[in-house]
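> using only what follows, build the 3D model:
(4 chains)
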There are 2 protein chains.
Amino acid sequence: MTHTPTEENYIKEIYHLQLVHGEVTTNSLATAMKTRPASVTDMLKKLRSKRVVHYQRYKGFSLTASGTRTALSIVRKHRLWEYFLVNKLGFDWHKVHEVAEELEHVKCEELVTRLDEYLGKPAFDPHGDPIPNHKGQLKKIRQEPISSFLPKQTGMVQSVKNQSPEILYLLLHFGIGIGSKLKVIRKFDFDGSIEIKIDKQPPFILSYQVAQNIFCTK
Amino acid sequence: MTHTPTEENYIKEIYHLQLVHGEVTTNSLATAMKTRPASVTDMLKKLRSKRVVHYQRYKGFSLTASGTRTALSIVRKHRLWEYFLVNKLGFDWHKVHEVAEELEHVKCEELVTRLDEYLGKPAFDPHGDPIPNHKGQLKKIRQEPISSFLPKQTGMVQSVKNQSPEILYLLLHFGIGIGSKLKVIRKFDFDGSIEIKIDKQPPFILSYQVAQNIFCTK
DNA sequence: AAATAAATTTAGACAAACCTAAAAAATAAT
DNA sequence: ATTATTTTTTAGGTTTGTCTAAATTTATTT
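Numbering: from 1, shown residues only, chains lettered A, B, ... in the order given. This next block holds a predicted model:
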């Protein structure tokens, strides 16, 4: 079963919303897709007819098993391309999402297989998100936001939750990337901001909003 | 000015037909695009309104200067991706055209620049066709079909004119690729076929149809 | 120069993905 | 348990790129 790029974008977004919020609604999907609820309803009927979603009018919807597999294959392509753009072409990590949004729709199984091989079958993309393998399996890491760490604890950055270019650009500015080792110096209860130290750099302060998005292992 | 993938495909095809046959007509473009003359007329009006073509009804059409620049930038992307697929990912040369047809429509100037750098600014694609540089300039090589060579002459393969997967697959089978050194042993006047020798390989015979498509330098 | 043939264009329709406005169903509040 | 609010869906319309069938213009024959 093949899908149009638009269908693929819907499928991917349903997958993400299910993963992050546990559920999807017509409205939330419309917001995420920057479209209108009426358009979402149209697409849901189309996706149901293609057996991508379970859907009953007024009763909600969710990905079928096969729809989930499709979603994972799109996510896989997206993240492999992000890895390529950053690690082979030298792109800054906050610029790759947009380009990968286009590359992920290129239809060629052999391309994915060869790209994966060429990159050394990476398990995580440049933002620390897991790349599904060819069977759709994801590596998982136990990670917590740096905002939940206590003073004197050290964490290694594994991923960034919010992936807007804005936050990624901010982190680039602070010299924070995947693999950075962050030591919590102290926390300010007033606004939840945290003082952080990276080896050989002067300490700096992260706002609570930012700290919540930096996921680390201990 | 941005274009839809469909518009880009028309622009590229007009460029190719102009280059190869010296002119384009509504019918020839319709055939090349696998669509109907009526659809071509519709698109010509659209491309005229975008200043891509000069066009007067019933009087023919041709690319404007800016349309030609656009065409060259699409050709550039197509050929850079072909080079990437063959030389980095290890694709067989007869399989890359189709994939490059999709990749060429990805919109990101930085991607083209970085890809070009990463590949070492190649001047020719895997089929020997010149890759326009960032200014749209092409390297030219004086080359003739091996069918016009005389017995005992030797040529180095520079490009293949017809690029259908079928002929490329056939050449792969004979061990002929860009850079191969071919020595003409003899020519059969009856059907124009040619006996060819490649170092350390037994001689073999190429049909006139095939030999016409293999362009070599002396 | 008229008749015929070929090429091109117009007219009117269709499918995909979107829209607005109105109706229907589900949920929440009184 | 009504009423009010929110969510979702339907109805009908738009744009892009396509189509067929018919009309028009240009090119070729006789």
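> the domain parsing of chain A - what is it?
The record, using automatic domain parsing to delimit domains, assigns chain A the ranges A:5-63, A:144-217.
> adding distance to chain B, write those out as CSV.
(Glycine included, C-beta is placed from N, CA and C.) Formatted as CSV, the domains of chain A follow (distance: least, C-beta to the nearest C-beta, whole Å):
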stretch, distance to chain B
domain A:5-63, 10
domain A:144-217, 13
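> between those domains, which gets the lowest average pLDDT?
With a mean of 92, domain A:144-217 has the lowest mean pLDDT of these.
> so how far is that one off the chain centroid?
Offset of domain A:144-217 from its chain centre (C-alpha atoms, centre = their mean, to the nearest Å): 18 Å.
> what's the end-to-end length of it?
Length of domain A:144-217, first residue to last, C-alpha to C-alpha, to the nearest Å: 7 Å.
> for chain A, what lies in contact range of DNA strand D?
A:25-28, A:37-38, A:40-42, A:44-45, A:55, A:57-60 (C-beta under 7 Å from any atom of the strand).
> just the buried subset of the residues you listed, written out for PyMOL, thanks.
Buried members of these, defined by 16 or more other C-beta atoms under 10 Å in any protein chain shown, are picked up in PyMOL with:
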select buried, chain A and resi 26+28+40+41+44+55
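> show me what the helix or strand harbouring A:I185 is in contact with.
Taking DSSP states H and E as the definition, one finds A:I185 inside strand A:181-187. The contact list for strand A:181-187 (C-beta atoms under 8 Å, 6 or more residues apart in numbering or on different chains) reads A:146, A:149-157, A:176, A:193-199, A:203, A:214, A:216.
> point to the residue nearest the middle of chain A.
Centroid check for chain A by C-alpha atoms, centre = their mean gives A:D129 as the closest residue, at 5.6 Å.
> so how far is A:G120 from A:G60?
41 Å (C-beta to C-beta, to the nearest Å).
> how about A:H94?
23 Å.
> neighbour count winner among those two?
A:H94 (20 against 9; other C-beta atoms under 10 Å in any protein chain shown).
> residues contacting that one?
A:H94 touches A:P165, A:E166, A:L168, A:Y169, A:L172, counting by C-beta under 8 Å, 6+ apart.
> can you map out the helices along chain A?
A:5-21, A:26-32, A:37-49, A:65-87, A:96-103, A:109-119, A:165-174, A:208-211 (DSSP state H).
> what's the closest of those to B:G136?
helix A:96-103 (22.5 Å; C-beta to C-beta).
> show me what that closest one is in contact with.
Contacts for helix A:96-103 (C-beta under 8 Å, 6+ apart): A:9, A:77-79, A:81-82, A:85-86, A:91, A:126, A:163, A:165, B:103, B:105-108, B:111.
> now the angle between helix A:5-21 and that helix, please.
With axes from the mean of the first three to the mean of the last three C-alpha atoms, to 10 degrees applied, the angle from helix A:96-103 to helix A:5-21 works out at 130 degrees.
> which parts of helix A:96-103 are buried?
For helix A:96-103, by 16+ other C-beta under 10 Å, it's A:V96, A:H97, A:V99, A:A100, A:E101, A:E102, A:L103.
> are that helix and DNA strand C in contact anywhere?
No - judged by C-beta under 7 Å from any atom of the strand, helix A:96-103 stays clear of DNA strand C, getting no closer than 13.2 Å.
> how distant is that helix from the center of its chain?
12 Å.
> export it as CSV, just CAs?
What follows is helix A:96-103, C-alpha atoms only, in CSV (Å, rounded to 0.1, in the frame of the first residue of the first chain):
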residue,chain,number,x,y,z
VAL,A,96,17.7,19.5,9.6
HIS,A,97,14.1,18.8,10.6
GLU,A,98,12.5,20.8,7.8
VAL,A,99,14.7,19.2,5.1
ALA,A,100,14.1,15.7,6.5
GLU,A,101,10.4,16.4,6.3
GLU,A,102,10.8,16.3,2.5
LEU,A,103,13.4,13.6,2.2
